[in-house]
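> 3D model of this:
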Amino acid sequence: MKEEKEKYAEFLNYDHKKSVRLGLYASHWNEGDHIVMFIPALRLSSYGKTLKEAEYMMWEIVVEAFFNDLFDMKKTDALNTLYNLGWKQNKIFSKKLNHSEAYVDESGILQEFNLPKGTKIRQEFVTQA
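Numbering: from 1, shown residues only. Now for the predicted structure:
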């Protein structure tokens, strides 16, 4: 489910070896003949000739493989991987993790990328169960 850009808190409900429910910002932009998609909070990227193809690659291949890899780890190693990406455990709900880093500044510039000036970046908040 995609929602219009407002300020949403990114979250992961992570139940090790069982399930993940998430709410994350995903950015995408044109680069040559491709659409590049990037999820800053997980440092994951994908691309495709169309936005639909880039989204499919991201959610059905890249994100799924990322969480399958976490499920294959010991729980402490999986959580350390998430902590190293900037995630923090919620003090009240132990299976919920929160992320608070901003990746797109007020000018719409995606941090950590050296994109050509004028590159239009679109950002959406995406939830998945």
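> in the protein, which spans are helices?
Using DSSP state H, the helices of the chain run over 51-56, 63-72, 75-84.
> For the shortest one, could you pull out the residues that count as buried?
What that stands for is helix 51-56. Judged by neighbour count (16 or more other Cβ atoms under 10 Å), helix 51-56 contains these buried residues: 54, 55. Just so you know, the C-beta spots here come from the backbone N, C-alpha and C atoms, and that holds for glycine as well.
> And stretch 44-53, by the same measure?
Buried residues in stretch 44-53, counting neighbours by 16+ other Cβ under 10 Å, are found at 44, 45, 46, 47, 48.
> So the second one versus residue 56, what's the distance?
Here the criterion is Cβ to Cβ, to the nearest Å. By it, residue 45 lies 14 Å from residue 56.
> Can you give the strand pairings for the longest strand along the chain, parallel or anti for each?
Determined from DSSP state E, the single longest strand within the chain is strand 19-31. Here strand 19-31 is paired, per DSSP bridges, with strand 10-15 (antiparallel), strand 34-39 (antiparallel), strand 122-128 (antiparallel).
> Compare these and give me the one nearest residue 21.
strand 10-15 (4.1 Å; Cβ to Cβ).
> Tabulate the helices of the chain in a markdown table, adding columns for mean pLDDT and distance to residue 29.
Listed next are the helices of the chain as a markdown table, based on pLDDT from 0 to 100; distance: least, Cβ to Cβ, whole Å:
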| stretch | mean pLDDT | distance to residue 29 |
| --- | --- | --- |
| helix 51-56 | 97 | 10 |
| helix 63-72 | 96 | 19 |
| helix 75-84 | 93 | 26 |
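> Tell me which of those lies nearest to residue 9.
Judged by Cβ to Cβ, the one of those that comes nearest to residue 9 is helix 75-84, at 15.6 Å.
> want to try TSV for the helices of the chain, with distance to residue 11 as columns?
Below are the helices of the chain laid out as TSV (distance: least, Cβ to Cβ, whole Å):
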stretch	distance to residue 11
helix 51-56	20
helix 63-72	14
helix 75-84	12
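> if I pick the residue positioned nearest the centre of the chain, what's in contact with it?
Nearest to the mean C-alpha position of the chain, counting by Cα atoms, centre = their mean, stands residue 39 at 3.1 Å. Shown in contact with residue 39 (Cβ atoms under 8 Å, 6 or more residues apart in numbering): 24, 25, 26, 27, 45, 58, 63.
> Good, wrapping up.
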